[in-house]
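**Student:** Requesting a structural model of the entry that follows:
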Amino acid sequence: MASPTDAELLRFIAANEPLEATRRQHGDLDREALQALLERAAAALEAPVGPGLAANGPSDSGFFSTSSLPSGPGVAASNRIRVYSDGAARGNPGLAGAGAVLVEPNGRVVERLGKFLGVQTNNYAEYMGLLLGLKRAKDLGVQEVEVFADSELMIRQLGGRYQVKSPSLRPLYEEVLELLNQFGRFKLVHVPREMNAAADEMSNRAIDERM
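**Tutor:** Predicted coordinates for the structure are as follows:
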């Protein structure tokens with residue numbers, strides 16, 4: 001039997017699993033809402049992506065959290081990496097940190113990254129988290145990246161749907177685009193915050209530990 005694709009697995013879970021543990025943890029979600037979330041995630045995985053094309057939109061969603069996945073040795077065995085990125089600022093501006101987690105398509109965590117930023121805004125930290133992850137992916141020789149972030153502003157700016165009006169964000173925005181276009185293919189996906197827990201943890205650790 002051929003191995004199922006990620007999208008096929010998500011659709012099977014949506015159709016057959018009761019998802020009781022998730023519903024207990026997140027009482028505001030009913031089974032229908034979770035099924036719809038999984039279906040959107042499957043559709044996002046199947047969206048066509050070409051060189052230098054950002055595939056994003058109102059229905060884009062991520063499909064799993066890396067917070068409980070086993071860590072790998074920091075070496076990418078795949079040419080494709082999922083970059084989960086986040087930024088945290090305690091105050092806006094306030095003490096800030098950037099975080100990123102690199103995950104292979106099979107779910108193996110390649111590396112967890114964090115960087116203390118001093119006093120910065122939340123949006124600045126979001127961009128720095130993505131830069132942190134993309135630079136590391138490039139260093140590892142990765143050819144294709146899928147970016148998952150819970151900053152709708154950043155994802156829509158990078159996808160050309162929102163303008164970048166902030167003078168402090170503009171250089172970061174341009175640096176991210178330059179990096180993205182160095183990969184053979186890339187994809188941008190906005191995810192709910194609860195599905196970005198591992199990157200959020202790293203951005204906060206960066207503040208706490210002055211990483």
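**Student:** switch to C-alpha atoms for all contacts and neighbour counts from now on
**Tutor:** Noted.
**Student:** Can you tell me the centre-most residue of the protein?
**Tutor:** Nearest to the mean C-alpha position of the chain, counting by C-alpha atoms, centre = their mean, stands residue 148 at 2.0 Å.
**Student:** Which per-residue confidence value corresponds to residue 200?
**Tutor:** Here, the pLDDT recorded for residue 200 equals 97.
**Student:** right, and it touches residue 89 too?
**Tutor:** No - the pair residue 200 / residue 89 is not scored as a contact, 11.0 Å apart, by C-alpha atoms under 8 Å.
**Student:** These two: which has the busier surroundings?
**Tutor:** For residue 200 and residue 89, the more surrounded residue by other C-alpha atoms under 10 Å is residue 200, and the numbers stand at 28 against 24.
**Student:** can you pull the contacts of the more buried one?
**Tutor:** Residue 200 makes contact with 85, 86, 87, 88, 99, according to C-alpha atoms under 8 Å, 6 or more residues apart in numbering.
**Student:** Most widely separated two among those residues?
**Tutor:** Within the contacts of residue 200, 85 and 88 form the most distant pair, 10.5 Å apart (C-alpha to C-alpha).
**Student:** overlap in contacts of those two?
**Tutor:** 98, 126, 200.
**Student:** Which members of these occur in helices, if any?
**Tutor:** Using DSSP state H, 126, 200 are the members of the shared contacts of residue 85 and residue 88 that sit in helices.
**Student:** Just name the closest of the shared contacts of residue 85 and residue 88 to residue 190, please.
**Tutor:** residue 126 (12.4 Å).
**Student:** ok, back up a step: point me to the helix or strand that includes the residue nearest to the centre of the chain.
**Tutor:** Assigned by DSSP states H and E, residue 148 belongs to strand 144-149.
**Student:** related to what we said a few turns ago, ok, the residue nearest to the centre of the chain touching residue 81?
**Tutor:** No - using C-alpha under 8 Å, residue 148 is not in contact with residue 81; the gap is 10.7 Å.
**Student:** All the helices of the chain, residue numbers only.
**Tutor:** Under DSSP H, the chain gives helices at 6-16, 20-25, 31-46, 122-139, 152-158, 170-180, 197-209.
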